[in-house]
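# Attaching a predicted model along with its sequence, questions to come.
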Amino acid sequence: MRIVLQRVSHAQVEINNKTVGQISNGLLLLIGIGKGDSEVQADKLVDKIIKLRIFEDEQGKMNKNIVDAGGSILVVSQFTLYGNCWDGNRPGFELAAPPDEAKRLYEYFVEKLKQTGIHVETGQFATYMHVSLINDGPVTFVLES
């Protein structure tokens, strides 16, 4: 699994000019599922995301996690995170999980996040979406299992 995690002051997903997911103060997660990924990787990434201290405390240091900061999470599926751009000029996606398996693990990941008690919004799997955000910091990390 690959996740691009961005600390945001606002993020939203639109499909056909309709907002389907929106948060303020929190994390935007772009998530790609690779071949061979399983619930084990999803569980580890959920645990890491919840505990990751990337929100500022009163002294301006990154000492708070998403729970401490009272933030929300917006999760957007993005299979292009597994695009291979090294050979030729068109990306190959042979490392991405098949759609049925990717959707199952994406839904599992989202459900695990929701079970932590954090407010979670999502985009829509395998749908053309417009994602907009205001990156806070900017703060961006790449997590990979």
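Structure received.

# Could you measure from the residue sitting furthest away from the middle of the chain over to residue 78?
Here the chain reaches farthest from its C-alpha mean at residue 88, the gap being 28.1 Å by CA atoms, centre = their mean. Distance of residue 88 to residue 78, given as CB to CB, to the nearest Å: 21 Å. Bear in mind the C-beta positions are built from the backbone N, C-alpha and C, glycine included.

# again, but for residue 20
Distance, residue 20 to residue 78, by CB to CB: 15 Å.

# Then residue 60?
To residue 78, residue 60 is 31 Å away according to CB to CB.

# Which one's more surrounded, those two?
residue 78 (21 against 7; other CB atoms under 10 Å).

# My understanding was that that one contacts residue 31; is that so?
Yes - using CB atoms under 8 Å, residue 78 is in contact with residue 31, at 6.5 Å.

# list residues touching both of those two?
Here residue 78 and residue 31 have no joint contacts, going by CB atoms under 8 Å, 6 or more residues apart in numbering.

# And residue 145, what's its pLDDT?
pLDDT recorded at residue 145 is 89.

# And the helices in the chain, which stretches?
Taking DSSP state H as the test, the helices found in the chain are 39-51, 66-69, 99-114.

# Show me what the last one is packed against.
So that's helix 99-114. helix 39-51, strand 72-77, strand 120-122 (3 or more CB pairs under 8 Å, 6 or more residues apart in numbering; DSSP states H and E).

# Give me the buried positions along it.
Within helix 99-114, the residues scored as buried using 16 or more other CB atoms under 10 Å are 101-102, 105-106, 108-110, 112-113.

# So what pairs up with residue 74 in the strands?
As for beta bridges, residue 74 partners with residue 28, residue 121 under DSSP bridges.
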